[in-house]
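J.: quick one, fold the following:
(2 chains)
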Amino acid sequence: MQQPTYYEEVLRKGYSRRDFLKFATMMAAFMGLEGTAIGQVAKALETRRRLPVIWLHFQECTCCSESFIRSSHPIVADILLDQISLDYTETLMAASGFQAEAAMRDTIKRYNGEYILCVEGSVPMEADGVYCMIGGKTAMQVLEEAAEGAKAIIAWGSCACSGCVQAAKPNPTSATPIHKLVKGKPIIKVPGCPPIGEVMAGVIVHLVTFDRIPELDNLGRPKAFYSKRVHDTCYRRPFYDAGLYVESFDDENAKKGYCLYKMGCKGPVTYNACGVTKWNGGTSFPIQSGHGCIGCSEENYWDNGRLYERASSFAGFGIESTADKIGAIALGATTAALLGHAVMTNVRKHKMIYDLEEEGRADEQQLNAEP
Amino acid sequence: MKKKYLHIHRLRRVYVWELPVRFYHWLNAASIIALIITGFYIANPLALVSHQEAAFRYTTGWVRFIHFAAAYIFFFNFLFRIYWGFVGNKYAGWKQFIPTSKRFFREMWQVFKIDILMLKGKEYMSVGHNAMAGLIYFFTFIAFGIQCLTGFGLYSVTSRWWLPRLFAWVPSVLGGESMTRQIHHWTMWFFILFVVIHVYLVFYHDYIEGRGEMSSMGGGWKFIEEEAFIKDHNDEL
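T.: A predicted model of the protein is given here:
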C-alpha cells in the first residue's frame, strides 16, 4: 500500500485547508525561513509521502515525547506523530509484544534506507547493557538493528545527545549518547530536557520539506534553533548590561524583573531557542517565570556546577570549594611562604650581603688611595 | 644618619631588556590587571542600587567592553612577544624559556638550591633571567595561550569578525561553554599567584644581587659582575 501524503492525512483528520496553511506558515516561521518558503513547506507536505519513522525509547523519562505532542499546533501531534508517522514507538503505539516487534522489523525491512530513526534516551553500556532491555534485547542491540537501515537519526533530548542525568558522575550504568555508538549515519542532535516541541516539529518538517537534514553546527545541532544563546535572546538582557541583578529570589529586584545572572542563570552558556520560541505555545519560558535557565540543552549540565550559583565547585576539592575559595587560600599560602622566604633571606643571606658590602668598602678605600 | 655608598668597580652596565621587551612587559602587566579586575566583576557583579531605568545604564556592558578591549591588547601583545622571541636579543630569545640543554637544567637546580632552599652552593651567573624564571615564564605563556583560547572561544559567539570566530571550536572541544568559562576562571588564579611571586622575586633579586633588577625593566640596563659578563660573552662566541 502506498503511503498517503501529509496533506491527505490532514484532510482525513478533518482539518481545513486553512488550518493546514496556518500550520505550514507557523512551521516556516519556527524554522526561521523567509516568507516565500511557506509555499515550499505547504507544497512539500501536499506532495510528499509521509516519512516512515521508528521512534525508540531507551534510558529516558519520555518528556521529549510529551513535549512533542504538546506542540502549539494540533497538527504536529495529530499528523506528524500520533496518527501517521510512527511505525513503532513504545509509548504511543497500539500494538504490544510480538505484534509490536513484528511491526518494527517490518518497517526496517520494507523501508530499508528510507526511514528516519528517532532515539529518545541514552544507551547503558555497563554490565553488557542489562540496565535497559526491551523485548529480550539490550538497548544497544535494538539500536544497532534499527540504525542499520536508517536514512538519518534524530537524537531527541539531552539523554540521546549527551546522556543527561543518568550520565552524571559517576554514571553507574555507563549511559552513552547515540553519536558515540552509531557511526556513519547522519545524526541530528536536538538537545534539551525536553527539547521545545516546536523545535522538534521543525526538525521533522525540515526533513520532509527539503528532503535533507537541516544545517548543523559543529556539535551536530540544527543551526536554526541552537545558534543563539538563551542570554542573547533573553528579554531581561538589558538588565544584565545595565548591571541590575536579582540578588535573592524574594528581593525587590526579583519583583522588578531584573537579570537572574547572579542567581545562577545558565542563559549565557546555553544554546537554545527558549527566548524566541518559548514554551507551551509561546506562553512563557523559565526566565520569564522568574527562574534562571538551568542549561538543560548543554552537554553534562548536571556536572557543570550548581543550578543556583554562578560559581561552580572546583574539581577535586569537594563540593563546597569554588575556584575563588581555593584561589584565596592559595594566595594566602603563597603570601605566607614569601614572608617566610623574606625572613629567611635576611637570616641566611646576611653574610652574603655583608660580603658584598665589604667588597664595596674595599673598592672604596682603593679609590680613595689613588692619587 | 650615616650615608651609605659603595664603589664596586667590577661591574659592567649591560643592555638586557630592549625597548620592545620593556614595552611588552608593561603593556602586558596593565592589560592583565585590567582583565583580572573586570574578570572578577563579570564573574560576580557588584550589587548596585539604582533608581535609573535599565535603558540609561550600561555598567556591565562597559566592564565587559574594557575586558574585551584589554583582551585584544593582551592577545596582540602576546603575539608580538612570540615574534620578538625570534628576532630580539639573546635575553629575549625563545631559548631562554624552553629547556633545550643540560645547562638549562643545571642552572635550574642551582637556582632551586640557592634561592629557594637557601643552601650554599655554586652561584648561577645569568645575565638575563635565570633558567628557573625562564621556565616559569614559559608556563605563563602556556597560561596566556589557555586564556586566549578559552576567552576568545567564549567571545566568538558575540562577534562577527573572523579573528574571534577562529576560536569558535574551543567550547565544543571542552564540553560546552560552562566548562570553558570555568577553565578561564581557574586559569586567572595562576596569573594572580604569578604576579605576587614575580613582584616579590624582583625585590628579592634586587636586594640580594644589587644588579638593579627593578630599574632594568624601566631603562633596560642591568649591572653585571665582570665574571658573569665574561662568561655570558664567551657563551655567545
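J.: shaky segments in the chain?
T.: In the absence of a named chain, chain A is used. Residues of chain A meeting the criterion pLDDT under 70: A:1-2, A:72, A:77-92, A:312-320, A:370-371.
J.: oops, wrong one, chain B.
T.: Within chain B, the stretches with pLDDT under 70 are B:1-9, B:236-237.
J.: give me the distance between the nearest residue to A:Ala254 once chain neighbours are set aside and A:Lys255.
T.: Of all residues not flanking A:Ala254 in the chain, A:Val246 sits nearest, at 4.5 Å (CB to CB, 6 or more residues apart in numbering or on different chains). No exception for glycine: its C-beta is placed from N, CA and C like everyone else's. Applying CB to CB, to the nearest Å, the value for A:Val246 to A:Lys255 is 9 Å.
J.: residues near the residue nearest to A:Ala254, how many?
T.: 25 (other CB atoms under 10 Å in any protein chain shown).
J.: need the contact list for it.
T.: The neighbours of A:Val246, taking CB atoms under 8 Å, 6 or more residues apart in numbering or on different chains as the test, are A:Asn253, A:Ala254, A:Tyr258, A:Cys259, A:Leu260, A:Lys262, A:Met263.
J.: apply 6 Å and report the result again.
T.: A:Asn253, A:Ala254, A:Tyr258, A:Leu260, A:Met263 (CB atoms under 6 Å, 6 or more residues apart in numbering or on different chains).
J.: go ahead and confirm the last one touches A:Gly292.
T.: Yes. Proximity of A:Met263 to A:Gly292 meets the contact threshold set by CB atoms under 6 Å, at 4.9 Å.
J.: quick check: nearest residue in space to the residue in the stretch 201-350 of chain A positioned nearest to chain B, chain neighbours excluded?
T.: Nearest residue of the stretch 201-350 of chain A to chain B, counting by CB to the nearest CB: A:Gly243, 3.0 Å away. Nearest residue to A:Gly243, sequence neighbours excluded (CB to CB, 6+ apart): B:Thr59, at 3.0 Å.
J.: would you map out the domains in chain A?
T.: A:6-226, A:230-289, A:328-369 (automatic domain parsing).
J.: so how far is the longest one off the chain centroid?
T.: Computed by CA atoms, centre = their mean, to the nearest Å, the separation of domain A:6-226 from the middle of its chain amounts to 16 Å.
J.: repeat that for the last one.
T.: Averaging C-alpha positions (CA atoms, centre = their mean) puts domain A:328-369 58 Å from its chain's average.
J.: start to end distance for that domain?
T.: The straight-line separation of the ends of domain A:328-369 (CA to CA, to the nearest Å) is 57 Å.
J.: what about that domain and chain B, any contact?
T.: Yes. Against chain B, domain A:328-369 shows contacts by CB under 6 Å from any CB of the partner chain at A:Ala330, A:Thr334, A:Leu338, A:Met344, A:Arg348, A:Lys349, A:Gly360, A:Asp363, A:Glu364, A:Leu367.
J.: need the buried ones from the residues you listed selected in PyMOL.
T.: To isolate the buried members of the residues of domain A:328-369 next to chain B in PyMOL, using 16 or more other CB atoms under 10 Å in any protein chain shown:
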select buried, chain A and resi 334+338+349+360
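J.: so which of the residues of domain A:328-369 next to chain B belong to helices?
T.: With helices defined by DSSP state H, the entries of the residues of domain A:328-369 next to chain B inside them are A:Ala330, A:Thr334, A:Leu338, A:Met344, A:Arg348, A:Gly360, A:Asp363, A:Glu364, A:Leu367.
J.: the most far-flung residue of chain B relative to its centre and A:Leu244: what is the separation?
T.: Using CA atoms, centre = their mean, the residue of chain B lying farthest from its centre is B:His51. It sits 41.8 Å away. Applying CB to CB, the value for B:His51 to A:Leu244 is 11 Å.
J.: then A:Lys22?
T.: Per CB to CB, A:Lys22 is found 40 Å from A:Leu244.
J.: the two: which has the busier surroundings?
T.: Neighbours were counted for A:Lys22 and for A:Leu244 using other CB under 10 Å; A:Leu244 has more, 26 against 14.
J.: which residue comes closest to that one once chain neighbours are left out?
T.: Nearest to A:Leu244 is A:Tyr258, by CB to CB, 6+ apart, at 4.6 Å.
J.: what sits against the one you found?
T.: Neighbour list for A:Tyr258: A:Phe239, A:Leu244, A:Tyr245, A:Val246 [criterion: CB under 6 Å, 6+ apart].
J.: tell me the secondary structure at residue 32.
T.: Just going to use chain A. When classified by DSSP: H, G, I helix; E, B strand; the rest coil, A:Gly32 comes out as coil.
J.: switch to chain B, please.
T.: Assignment for B:Ile32 (three-state DSSP): helix.
J.: one more: B:Arg12?
T.: Under three-state DSSP, B:Arg12 comes out as strand.
J.: and it, how far is that from chain A?
T.: The gap separating B:Arg12 from chain A is 15 Å, by CB to the nearest CB, to the nearest Å.
J.: identify the residues contacting that residue.
T.: Going by CB under 6 Å, 6+ apart, B:Arg12 touches B:Ile224, B:Phe229.
J.: for chain B, what are the nearby residues on chain A?
T.: Contact residues, chain A versus chain B (CB under 6 Å from any CB): A:218-219, A:238-245, A:247, A:269, A:298-300, A:304, A:312, A:323, A:327, A:330, A:334, A:338, A:344, A:348-349, A:360, A:363-364, A:367.
J.: where along the stretch 251-371 of chain A do the strands fall?
T.: Read by DSSP state E, counting those that start in this stretch, the stretch 251-371 of chain A holds no strands at all.
J.: next one: chain B
T.: For chain B, the strands defined by DSSP state E cover B:11-15, B:221-225.
J.: show me which positions of the first one end up buried.
T.: Within strand B:11-15, the residues that qualify as buried are B:Leu11, B:Arg12, B:Val14, counting by 16+ other CB under 10 Å.
J.: same question, stretch B:58-67
T.: For stretch B:58-67, by 16+ other CB under 10 Å, it's B:Thr59, B:Thr60, B:Val63, B:Arg64, B:Ile66, B:His67.
J.: correct me, but the fifth one touches B:Ile36?
T.: Looking back up the chat, that one is B:Ile66. No. Applying CB under 6 Å as the test, B:Ile66 and B:Ile36 come out as separate, 11.6 Å apart.
J.: which residues of the stretch 101-250 of chain A fall in strands?
T.: A:116-120, A:123-124, A:133-134, A:137-138, A:152-156, A:175-176, A:187-190.
J.: switch these over to TSV; also include mean neighbour count.
T.: TSV is the format used below for these (neighbours: other CB atoms under 10 Å in any protein chain shown):
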stretch	mean neighbour count
strand A:116-120	28
strand A:123-124	28
strand A:133-134	14
strand A:137-138	18
strand A:152-156	25
strand A:175-176	25
strand A:187-190	26
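J.: wait, which of these is closest to B:Gly121?
T.: strand A:175-176 (56.0 Å; CB to CB).
J.: residues in contact with the closest one?
T.: For strand A:175-176, contacts defined as CB under 6 Å, 6+ apart pick out A:Gln59, A:Ser122, A:Val123, A:Pro124, A:Met125, A:Gly163, A:Gln166, A:Ala167.
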